[in-house]
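*Asks:* Give me coordinates for this.
(chains A and B)
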Amino acid sequence: MAYRKILFGMQLGLCVLVCVFLILPMGLSVIAGLTNNYFVGLDSGLTLRWVLEVWGGYHDTIFRSVWIALACVFVTLIIGVPAAYVLHRSPQRLARWLEELLVLPIAVPGLATALALIAMYGGWGNLRSSWLFILIGHVLFTLPFMVRSVLAVLGGIDLHTLEEGGASLGANFTQRFFHIVLPNCRQGILAGALMVLTLSMGEFNMTWLLHTPFTKTLPVGLADAYASLRLEVGSAYTLLFFLMIVPLLLLMQAIAQPRQKKFELVEDEVVILLSESAKS
Amino acid sequence: MIYMFLPAAAFFSAFFILPMCRLFLVGGSGAIGWRAYSVIVTDSNYFNALLATFGVALATTVTTLLIGGLVGVFLQRYRFPGRSFLMAIITLPMAFPGVVIGFMVIMLAGRQGLIGQISMALGGDRLVFAYSFLGLFLGYVYFSLPRTILTIVAAAEKLDPKLEEAARSFGANTWHVVWDVIMPGLKPALISAGAICFATAIGAFGTAFTLATRINVLPMVIYTEFTLSANIAMAAALSFVLGALTWIVLALARSAAGNTVAAAA
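*Replies:* Residues are numbered from 1 along each chain as shown, chains lettered A, B, ... in the order given. Below you'll find the predicted structure:
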């Protein structure tokens, strides 16, 4: 028994160590962002001046990121949800093949995708200097998450029977889609939308190559600040990023929880989907 | 019904398939022509960058799987006060972009980092390794640990406890149970999580960009070719190869782990 206790203790220790490793730098960064002089330490006093400085100099990047993320959610909803529905109804082999294609932008590093977009459309009128160029990249990268998220929910409900019921009562295809299909996969749509929002706001790989001085996003501004401004400013900027992204993440977890009972797979799906964002 | 797929198909063809074809052509259009695609193994500079990239990626994968496996199984097995708090902490960094992860490493091991302060306080030199391979490795582990742990937790939930009881009742000791019962059950999850770790570490740009001013990993080489040397053809060829490598790793893992990973790449 003592042996098992030691084993338990060691595992718990490792677990706590991992959590410290993950949370410690976040804490340090928050403190640095609120400290007058991080080199001197907390004795130099707490201040909001760095946060205000960042807000003054970079708030446009924050608004732009939010705007692009919302536009990205909009586009992925319009083209992704119907696509997921078609994939769900298609023959399995075809669906698998199409899905495979659709997730390629996640598998291929953003650097390659961005270079490809520049090689193809870099010379097209004003597109290169427009925020739409960044939006295109973000939609490519986030579309699979929306499609997957909706597909996961569609796989958990008996849509066929529901639709048949609707059809026997005289509902046409459009009515069935809007009154049966969409309401039934709203959980997946919501989860997908949150994920798209989060990923778009944090996307850096592609955006760094796609952006111009007039289309800087939040992560691009962060990279700028890390490279050229003092640690306190970089930290304060990071603090603003945390304030935006952490509530989204918590919300995402919260909506993943209750569904767990209904469809066992769903929480795993969220984990898998999140782990697909494996592109730093 | 099929027309509902058209917007997505049109978008995808116009902005991914066509550009990728173009990238392939651009790669062969430079001063050295199609040889650009073989240079990655024939030119020692590029080849060393490739080896370095693989080295860091491999080290990241092994470390992450080891720690993530232990922590994941532990968190799934035991219910103890504070467990959900630990889980919440682990989920928190999941959506951080690579640049932010790089900054986290700087907070730990940079010039004003905690590790340096501690090493000074202990009377030693200021320990700074954020901008070396070790820093990059730390960043990739930071990035991959949360998703690996959560994948393992999800997979461990599906393990059948009866198998373990059976093994124990036949006299298997803890190590036998771990090796012969738990490991095979977790294999698909380990393979898929490992592949994602590896693929991420090969292609990750943000973390390398924040940290790797002096480290030659493939994404940084591509970026340098593109911006500093304006060698677009070489950058295109290298990034096409990088994309293909990443895709192959994920595809191999998927076929090795069976359909359960189909969702994971």
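*Asks:* From residue B:43, how far out is the most centrally placed residue in chain A?
*Replies:* Nearest residue to the geometric centre of chain A (CA atoms, centre = their mean): residue A:199, 2.1 Å. Residue A:199 sits at a distance of 35 Å from residue B:43 (criterion: CB to CB, to the nearest Å). For glycine as for every other residue, the C-beta is placed from the backbone atoms N, C-alpha and C.
*Asks:* List the residues that contact residue A:216.
*Replies:* Taking CB atoms under 8 Å, 6 or more residues apart in numbering or on different chains, we find residue A:216 in contact with A:60-61, A:64, A:224.
*Asks:* So which of those residues wins on neighbours?
*Replies:* The member of the contacts of residue A:216 that has the most neighbours, counting by other CB atoms under 10 Å in any protein chain shown, is residue A:61 with 23 neighbours.
*Asks:* Assess the claim that it and residue A:221 are in contact.
*Replies:* Yes - distance between residue A:61 and residue A:221: 3.8 Å, which falls inside the contact criterion (CB atoms under 8 Å).
*Asks:* and the closest residue to chain B within the stretch 101-250 of chain A, what is it in contact with?
*Replies:* When distances are taken as CB to the nearest CB, the stretch 101-250 of chain A reaches nearest to chain B at residue A:109, 3.1 Å away. Taking CB under 8 Å, 6+ apart as the definition of contact, the neighbours of residue A:109 are A:205, A:279, B:202-205, B:219, B:239, B:242-243, B:246.
*Asks:* Hmm, which of those residues is lowest in pLDDT?
*Replies:* pLDDT across those is lowest for residue A:279, at 43.
*Asks:* Number of residues surrounding residue B:29?
*Replies:* By other CB under 10 Å, the residues close to residue B:29 number 15.
*Asks:* element containing the residue lying closest to it once chain neighbours are set aside?
*Replies:* Excluding its sequence neighbours, the residue lying closest to residue B:29 (CB to CB, 6 or more residues apart in numbering or on different chains) is residue B:233, at 5.3 Å. Following DSSP states H and E, the helix or strand that holds residue B:233 is helix B:232-257.
*Asks:* and that helix, which residues are buried?
*Replies:* Going by neighbour count (16 or more other CB atoms under 10 Å in any protein chain shown), the buried part of helix B:232-257 is B:232-243, B:245-247, B:249-250, B:253-254, B:257.
*Asks:* Equivalent analysis for stretch B:146-161, please.
*Replies:* By neighbour count with 16+ other CB under 10 Å, stretch B:146-161 contains the buried residues B:146-156, B:159.
*Asks:* For that stretch, give me every contacting residue.
*Replies:* For stretch B:146-161, the external contacting residues (CB under 8 Å, 6+ apart) are A:18, A:22, A:267-268, A:271-272, A:274-275, A:278, B:64-65, B:68-69, B:71-73, B:75-77, B:87, B:90-94, B:182, B:185-186, B:188-190, B:192-193, B:196-197.
*Asks:* okay, now the residue of the stretch 101-250 of chain B found nearest chain A: neighbour count?
*Replies:* Among the residues of the stretch 101-250 of chain B, residue B:203 lies nearest to chain A; the distance is 3.1 Å by CB to the nearest CB. For residue B:203, the tally of surrounding residues (other CB under 10 Å) stands at 31.
*Asks:* ok, it - contacts?
*Replies:* Taking CB under 8 Å, 6+ apart as the criterion, residue B:203 is in contact with A:108-112, A:279, B:219, B:242-243, B:246.
*Asks:* if you set the cut-off to 7 Å instead, what comes out?
*Replies:* Taking CB atoms under 7 Å, 6 or more residues apart in numbering or on different chains as the contact definition, residue B:203 lies against A:109, A:279, B:219, B:242, B:246.
*Asks:* low-scoring stretches of the chain, by residue?
*Replies:* No chain in the question, so chain A it is. When residues are selected by pLDDT under 70, those of chain A lie in A:1, A:256-280.
*Asks:* not quite, I wanted chain B
*Replies:* Low-confidence segments of chain B, defined by pLDDT under 70: B:258-265.
*Asks:* How about the longest helix along chain A and chain B, touching?
*Replies:* With DSSP state H applied, the helix covering the greatest number of residues in chain A is identified as helix A:49-89. Yes - residues of helix A:49-89 contacting chain B under CB under 7 Å from any CB of the partner chain: A:78-80, A:82-83, A:85-86, A:89.
*Asks:* In CSV: those, plus neighbour count.
*Replies:* Putting the residues of helix A:49-89 next to chain B into CSV (neighbours: other CB atoms under 10 Å in any protein chain shown) gives the following:
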residue, neighbour count
A:78, 12
A:79, 23
A:80, 30
A:82, 22
A:83, 27
A:85, 22
A:86, 20
A:89, 16
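*Asks:* just curious, which of those is nearest to residue A:116?
*Replies:* Using CB to CB, the shortest approach to residue A:116 within the residues of helix A:49-89 next to chain B belongs to residue A:79, at 19.7 Å.
*Asks:* Provide a list of residues in contact with the closest one.
*Replies:* Residues in contact with residue A:79 (CB under 7 Å, 6+ apart) are B:7-8, B:11.
*Asks:* Doesn't residue B:230 belong to a strand?
*Replies:* No - the secondary structure assignment for residue B:230 gives coil rather than a strand, going by DSSP: H, G, I helix; E, B strand; the rest coil.
*Asks:* Quick one: neighbours of it, just the number.
*Replies:* Counted with other CB under 10 Å, residues neighbouring residue B:230 total 9.
*Asks:* Check residue A:243 too.
*Replies:* Using other CB under 10 Å, residue A:243 has 12 other residues around it.
*Asks:* Can you tell me the element it falls in?
*Replies:* Going by DSSP H and E, residue A:243 is in helix A:231-262.
*Asks:* quick one: buried residues of that helix?
*Replies:* Along helix A:231-262, these residues count as buried under the neighbour rule (16+ other CB under 10 Å): A:231-242, A:244-246, A:248-249, A:252-253, A:256, A:259.
*Asks:* got the angle between that helix and helix A:49-89?
*Replies:* Using axes from the mean of the first three to the mean of the last three CA atoms, to 10 degrees, one finds that helix A:231-262 and helix A:49-89 are set 30 degrees apart in direction.
*Asks:* Could you identify the helix or strand that succeeds the helix ranked longest in chain B?
*Replies:* Among all segments of chain B classified by DSSP H, the helix with the greatest residue count is helix B:44-77. Towards the C-terminus, the helix or strand next in line after helix B:44-77, according to DSSP H and E, is helix B:83-91.
*Asks:* orientation of that following helix relative to helix B:44-77 in degrees?
*Replies:* For helix B:83-91 against helix B:44-77, the angle by the same axes, to 10 degrees is 160 degrees.
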